[in-house]
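[1] could you look at this predicted model? Sequence included:
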Amino acid sequence: MSDSPPAGRGAAPSAVPSADGPAAPLLDVSVMPQVLARIAGLAMAYPWRVALTILTSLLAAVASLMLPRLIGRSIDQAHHLLALGSANADAARAALMWTAGLVIAATVARGFLTMWAGYLGEYLSQKVALDLRRAYFQQLQRLSFGFHDKIHSGDLITRGMIDLEGARAFIQGAMVPALSLILLIGFAAWMMISTDPVMAAIGLAFTPIAGVALARMGFLLRVTWLRVQQLMSILTLTMEENLQGIRVVRAFAGRTFELAKFDTASQEVLEHQYRRITLRFRGVAWMQVSYYASLGALLWYGGSKVLDGRMTVGGLTSFVIYMSLLQAPIRQVAMIFNSMARATSSGGRLFEVLDLTPEIADRAGAKALQAPKGVLRFEHVGFRYDAGGKQVLSDISFEVRPGRTLGIVGPPGSGKSTIANLIPRFYDAGEGRITIDGTDIRDVTLASLREYVGLVQQEAFLFDASIGHNVAYADPWAEDERIVGAAKTAQIHDHIASLPADYETRVGERGVALSGGQRQRMSIARGVVPGPGIMIFDDSTAAIDAVTERKVRENLGRATATKATVIIAHRLSSLMHADEIIVLDDGKIVERGDHASLVAGGGTYAELFELQSRAAAGELEAAE
Amino acid sequence: MSEVAAEPQVRKPRASLGSPEGDDVFGVFDPKVARRFFAYLGPHRKSFITAQVAVLFSAASQLSLPLLIGQIVNAALRHQAERFHGLLTGFALAGVVFTCMFFLEQWLSQRLANRVIFDVRRHMFAHFQDVSLSFMDKTHVGRLMSRLQGDVGSLQEFLENTTGAVGDFVMLIGIAIVLLAMDLQLGALTLLVLPALIGIRAVWLPYSKTAFRRARDASSNANSALAENINGVRTVQETRREQLNYDLYAEKAHDNFEAQIGAAWMSQIMVPTVDVLTGVAMAIVIVLGGNAVLSGRIDVGVMVAFVLYVQRFFDPVRMLSMQYTIMQRAMAAAHRIFEVLDVPVTIADKPGAPALAVEAPTVEFKNVTFGYDPARPILHDVSFNVRPREVVALVGPTGSGKTSIIALTHRFYEVDQGQVLVGGHDVRDVTLDSLGRTIGMVLQEPFLFTGTIEENIRYNTAGATRDDVVAAARAVSAHDFIMRLPEGYDTPLGQRGRNISVGQRQLVSFARALVADPQILILDEATANIDSFTEQAIQKALKVLFEGRTCMVIAHRLGTIRDADRIIVLNQGRILEQGGHDELMATGGLYRHLYTSAHASFDDQVVAATGDAEFASRS
């Protein structure tokens, strides 16, 4: 841990929310067309579905707009029937039946077409989401440690869940509804204008006002929402840390202090929620005022025409129905703009990751590693995490031959773990080169290199799966004997056997809690299973008690007798038997040699040794 | 899975990815839960009632609009110009009333919902500060957070929609009444489609719920797999699991796709149902209404009004059925919330308990028996006392009761029998707050909060100045490493201090205890692997911390143990022996046995002596 690059070094791809307010604007409008076009482009991978969605939306709009005329006609028919007396009653009745039939036909058509348009839109969006999910998952696996160091894993998860959903929802919640809305308004306008241009102008007058008010509201709601989310994440952090650190809180009698922290964070969220609410209903109020003003004007103008006998009652009714048919879709403008704004920020964050080129990848024409012997060499290796950043390693050279062990020791931050991480190419050395049997590791495929190099890290990451799955992680097809054998080597088999469901017992949240030492032994077992050609232990026995560690080391000595081994440790007893030990300080080798010569040399190593054995020496004295 | 199948091995890989866990989403209506929940509305009664009144006005005015349009048409047809203009004014008025009332109702009820949710969340959060640690130990933080976030969110959704539901209900009844009043026969026939719709929806609802639940599960399956792969991405790359994990994930992503479009189908299928029924209702109005107009039974205006009502007919039904689902979700959530709120507060100040006033900082255990589960006591009849400014080391194997002793001193738990006295006062007779200010505590695993180094050192010691903080850091040898950080004392600690090492975190937690300057210090020494360089600093810091204080230390390191004034050796919840180092060595008991093999850490001997291979960390 202490050797790994410090968090916060270098610029993370996106700003972390802070209580002091956003540093960057919450929404970059300038990239909107670009991002939205790209999402729409993803949908175009399915041209037939897109075409079908457009077609069904179009036909649904047509069917829907048949209704006002039909209903208007029926009212006129009934009215005429009344006016003309009973002479043509039968014919009029037949006409009414006929109109009623057409109304049913139109609603059936509208219903099924709307259904299909909706379903196709959803289908399309889910298809795109599936493509994005796969691409994102693979991209994250390809991106190197350097990327993962700089970005918080929670941020990556958010991008893969919330932002991906935001991009998907744009297709279903903005593209498809916008299309239907445009078709519907276009058709309605055309039909209304062809009947009576003045009435059409009055009836449609509300659409631009409502449209603008709702678009503005949808957009602003999104921006406020982003702010609420930022504040909410501060509140979440406050609550989560309080619960996780509840013992500290109680130990320091911090109840009042913590509640004050909570209240501050919570109050901020509440105030911004209030702002959102006002914003939302202001927009809705504009929509309603303009709609009812338009409707009132239409009734007044149309009614006057009816009054003068220049318009039929059915004609007026059909206009009223046109308007009521447009009312609901117009409301969607807010949703569409909200969705556009959401997709802009979400899509931007998603594409930012998808567009990265992995820093470490196979060179063109890279071949699989051929290492008959397995000699690991560092030749004047230098490294820094960022160009222009701190020099973490300089001029590191050593050679480890099969059957030999190299020990590395040094204070926190001296570059020990960095050396370990360079060997399987989790980072690439900036200067010098690393070879295995004389081949530069950058000239072979990553897969073959990482298969050959086994690295057991200090912090064992265990998956929320069974113990067996965890031990077999590097080789899921390994036979049971190899799994058990590896567990025995790591001195963890007896413990596993004592668990309720032995190798099937779940690790983690819902399973057994393993102690730090047990986790490290699990991770050693996992490292041993694939039988790598070079073994590296990065402080991977530190949490294991000394007695057990000695047994593990003896077992490992047998298992890796013919292999090159690198051991990094704080505890000198872990590496004092190494063939060569190098002492690092500030990225440089300050001492090297075997245990005896280093102790005799009287340097840092000797000092450390003296420190660690002082207690032991004292004890022996006392015991005598 | 094609790639996997192509592998030469016939056997299935031992591999899985992700493991979602969710609460049940839907609950049944429980009047008791509802009553308790609505009690939160009490303090905001005024705005709640105003919103309910506004919703009545908004529903009534909205209801009047089609009626007015019908009458306007009638007046125009009959050339009643004056009535026509009067009705138009009425229409305008109704429009204004509707808009205003709608705004008022929604604005008030949504603000109210947010406010009430704020109260509920605060109530729960405050409760978590008071409930016993045994509850907190048992419950995973993730579960508590989902109470505070997810469940509270469901309640908010419900509350935001309640007023709307009242409006929809009023609308539904109103439309029915108006239709029947305008023309009984036509109204009754038109309303016939309503039971049809309700019937279809009732049949559809369980199916749709299954589909939606499946979609939700599939999505959380895929997401949990993604999250796990991100969290373990280094291990994935180390073990070259990229292809296999991708295959496992692709399968889940595809299942999710299928489930999502299944749910989409389920929700879209209701669209034609509503449309067709609307068409049928309209056809009824056209044929029967038309004939009624012909026979002169109704006016043309009434027919127009009918058509307009029929168009909006189903909106309230659809909304109410959505409300029903929201209500079920809220019920399940409320149930879980009250479950948490009902966890009794077992450790609280006695009424009128005084603040602890300590003259001589002593700790005394008098015949204490205690167990997390009273049936299985951890401590049996333990008695000892710690004199002012004495440093006592507690030593013993895992499960011997060391941790329980320090927890009881701070009254994290209540003793089953006996008494714990601090400064001569029973800890149950004084306020928890004053007890917390008298006793300082350093935990085995240092817990740091998000914030700067300085904020962490000052934690809850409001009076401490920057100088106090720096002085404390200097005293515990933390100053040097802090100054090497990019922003010194103002360096923010990311994710619980992940940017500094375990040993450094330990030093910061020492400084925190020092700033609080307690008379009595309880310390659970870290067993974690700390490099020898930081270890030296820690040993020095401990001496500073112990200086002039009464201390109880759960000690793991020989150095710490030897420096103690007295050592209490515990085994299986009983005090085995106690005394100074030399004294215990002379007695030749467990202590001597543990002590006489050469290791840097005392635990190693414990392991050797007891065969207990692991010291499970308690945090």
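    Thanks, I have it.

[2] give me the neighbour count for A:Q370.
    Using other CB atoms under 10 Å in any protein chain shown, A:Q370 is surrounded by 11 other residues. All C-beta spots, glycine's among them, are computed from the backbone N, C-alpha and C.

[3] what helix or strand is it located in?
    Of the helices and strands defined by DSSP states H and E, none includes A:Q370.

[4] how is the chain carved up into domains?
    No chain was given, so I picked chain A. A:31-354, A:376-623 (automatic domain parsing).

[5] let's do chain B instead
    B:184-297, B:363-610.

[6] residue contacts, A:L354?
    Taking CB atoms under 8 Å, 6 or more residues apart in numbering or on different chains, we find A:L354 in contact with A:A135, A:Y136, A:Q139.

[7] mind listing what the first one touches?
    The neighbourhood of A:A135, defined by CB under 8 Å, 6+ apart, consists of A:L354.

[8] please give the element, helix or strand, for it.
    Per DSSP H and E: helix A:89-142 holds A:A135.

[9] then whichever helix or strand comes after that helix to CSV, C-alphas only?
    Using DSSP H and E, the next helix or strand after helix A:89-142 towards the C-terminus is helix A:145-150. Below are the C-alpha coordinates for helix A:145-150, written out as CSV (Å, rounded to 0.1, in the frame of the first residue of the first chain):
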residue,chain,number,x,y,z
PHE,A,145,-2.9,0.2,-13.7
GLY,A,146,-1.8,3.8,-14.4
PHE,A,147,-5.4,4.6,-15.4
HIS,A,148,-7.0,2.7,-12.5
ASP,A,149,-4.7,4.4,-10.0
LYS,A,150,-6.0,7.8,-11.0
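
[10] just the helices in the stretch 1-150 of chain B please.
    B:2-6, B:31-38, B:45-77, B:81-130, B:133-138, B:141-146 (DSSP state H, counting those that start in this stretch).

[11] got it, and the stretch 201-350 of chain B?
    B:233-238, B:242-268, B:270-284, B:290-294, B:300-312, B:314-341.

[12] where among the domains of chain B is the average confidence lowest?
    In terms of mean pLDDT, the lowest-scoring of the domains of chain B is domain B:363-610 (a mean of 80).

[13] which residues touch the residue nearest the centre of chain B?
    The centre of chain B sits closest to B:M145, judged by CA atoms, centre = their mean, with a distance of 2.1 Å. Going by CB under 8 Å, 6+ apart, B:M145 touches A:T236, A:M239, A:E240, A:L243.

[14] can you tell me which of those are in helices?
    A:T236, A:M239, A:E240, A:L243 (DSSP state H).

[15] which element is the closest residue to B:D426 other than its chain neighbours on?
    By the measure of CB to CB, 6 or more residues apart in numbering or on different chains, the closest residue to B:D426 outside its immediate chain neighbours is B:Q419, 5.5 Å from it. Per DSSP H and E, B:Q419 falls inside strand B:417-422.

[16] distance from the chain centre to the helix or strand immediately after that strand in the chain, please.
    Next along the chain after strand B:417-422, taking DSSP H and E as the criterion, comes strand B:425-426. Distance of strand B:425-426 from the chain centroid (CA atoms, centre = their mean, to the nearest Å) equals 35 Å.

[17] swap in stretch A:152-162?
    Per CA atoms, centre = their mean, the centroid offset for stretch A:152-162 relative to its chain is 3 Å.

[18] out of the domains of chain B, which comes closest to A:M44?
    domain B:184-297 (18.7 Å; CB to CB).

[19] give me every residue that touches the residue lying closest to A:A200 once chain neighbours are set aside.
    Distances taken as CB to CB, 6+ apart put A:M192 closest to A:A200, at 3.6 Å, once the chain neighbours are dropped. Neighbour list for A:M192: A:M199, A:A200, A:G203, A:L204, A:F319, A:Y322 [criterion: CB under 8 Å, 6+ apart].

[20] got a pLDDT number for the closest residue to B:A81 other than its chain neighbours?
    Of all residues not flanking B:A81 in the chain, A:L307 sits nearest, at 6.3 Å (CB to CB, 6+ apart). Note on A:L307: pLDDT of 84.

[21] tell me how many other residues surround residue 266.
    All of this is about chain A. Neighbours of A:S266 using other CB under 10 Å come to 23.

[22] switch to chain B, that's the one I care about
    So B:M266, with other CB under 10 Å, has 18 neighbours.

[23] ok so, going back, can you tell me which of the contacts of A:M192 end up in helices?
    A:M199, A:A200, A:G203, A:L204, A:F319, A:Y322.

[24] want to try JSON lines for those residues, with pLDDT as columns?
    Formatted as JSON lines, these follow (pLDDT from 0 to 100):
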{"residue": "A:M199", "pLDDT": "90"}
{"residue": "A:A200", "pLDDT": "91"}
{"residue": "A:G203", "pLDDT": "89"}
{"residue": "A:L204", "pLDDT": "90"}
{"residue": "A:F319", "pLDDT": "90"}
{"residue": "A:Y322", "pLDDT": "89"}
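
[25] out of the residues you listed, flag the one nearest to A:H148.
    The closest of the ones in helices among the contacts of A:M192, once distances to A:H148 are taken by CB to CB, is A:L204, at 54.4 Å.

[26] number of nearby residues for the closest one?
    19.

[27] that one touches A:A189, doesn't it?
    Yes - shown here, A:L204 and A:A189 form a contact pair, counting by CB atoms under 8 Å, at 5.9 Å.
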